[in-house]
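*Asks:* what follows is a predicted protein model with its sequence.
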Amino acid sequence: MSKALIIVDAAVMSKIYLIRGQKVMLDRDLADLYGVATKVLKQAVRRNKNRFPEDFMFEMSEEEFTGWRSQFVTSNADRQGLRYHPFCFTEQGVTMLSCILNSNNAIAVNIRVIRIFAKIREMVLAHKDIIIKLEQMEKNVSQKKQDINLIFTYLKQLLNPAQEQRRRIGYRTHKDND
């Protein structure tokens, strides 16, 4: 059974990072999935640089690299298993990789990864709808809370009327005149 057929969605999802506001996969993770050395993957990309515009693939900057590594509990010597700044591939970049790594395994892995990216997009859209509904509910609850507080304020006023000195009305007796 080929490696492409036994890839678990969760394993691929755990290798998708948010860098520069984009969901990306790193060269070493893709190389591992495709069953090639990272060096080979990078060489293939460099030979086909015109196929990878900035929105398909970019190299992580020093600042991003340092920040990304600090998210993980590892020693600095390990550098998260990386000696060079990794290439970051967007969904489109992953698709383009299957074109330059023209093997059955690369194509099968690419199909799997693209389906996972699509699933993530669907989940984000579903969560967006849920967040909007929660915000609407929160607004309604907030308004209802204000209304309920107002009702309690009026009830308290009715139950504890202010003790004002009012002129009594009605029949007067001799005691009232004193």
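*Replies:* Thanks, I have it.
*Asks:* buried set for stretch 30-46?
*Replies:* Leu30, Ala31, Asp32, Leu33, Tyr34, Val36, Thr38, Leu41, Lys42, Ala44, Val45 (16 or more other C-beta atoms under 10 Å). Quick note: C-beta positions are derived from backbone N, CA and C, even for glycine.
*Asks:* quick check, the fourth one in contact with Val109.
*Replies:* Yes - if you go by C-beta atoms under 8 Å, Leu33 and Val109 touch, sitting 4.9 Å apart.
*Asks:* just the strands in the protein please.
*Replies:* Taking DSSP state E as the test, the strands found in the chain are 16-19, 22-26, 57-59, 87-89.
*Asks:* I'd like the ones you listed laid out as CSV, including distance to Ile169.
*Replies:* Listed next are the strands of the chain as CSV, based on distance: least, C-beta to C-beta, whole Å:
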stretch, distance to Ile169
strand 16-19, 75
strand 22-26, 78
strand 57-59, 86
strand 87-89, 85
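*Asks:* most neighbours per residue, which of these?
*Replies:* A comparison of the strands of the chain by mean neighbour count, using mean count of other C-beta atoms under 10 Å, puts strand 87-89 on top with a mean of 24.
*Asks:* could you pull up the mean pLDDT of that one?
*Replies:* The predicted model gives strand 87-89 an average pLDDT of 92.
*Asks:* what are the contacting residues of stretch 86-94?
*Replies:* Residues outside stretch 86-94 that contact it (C-beta atoms under 8 Å, 6 or more residues apart in numbering) are 17, 19-20, 22-28, 30, 41-42, 45, 52, 55-60, 65, 97, 110, 113-114, 117.
*Asks:* right, I mislabeled it, should have said stretch 138-150
*Replies:* Counting by C-beta under 8 Å, 6+ apart, no residue outside stretch 138-150 touches it.
*Asks:* where exactly do the helices run in this protein?
*Replies:* With DSSP state H, the ranges of helices along the chain come out as 9-13, 27-34, 38-47, 62-70, 91-100, 104-159, 174-177.
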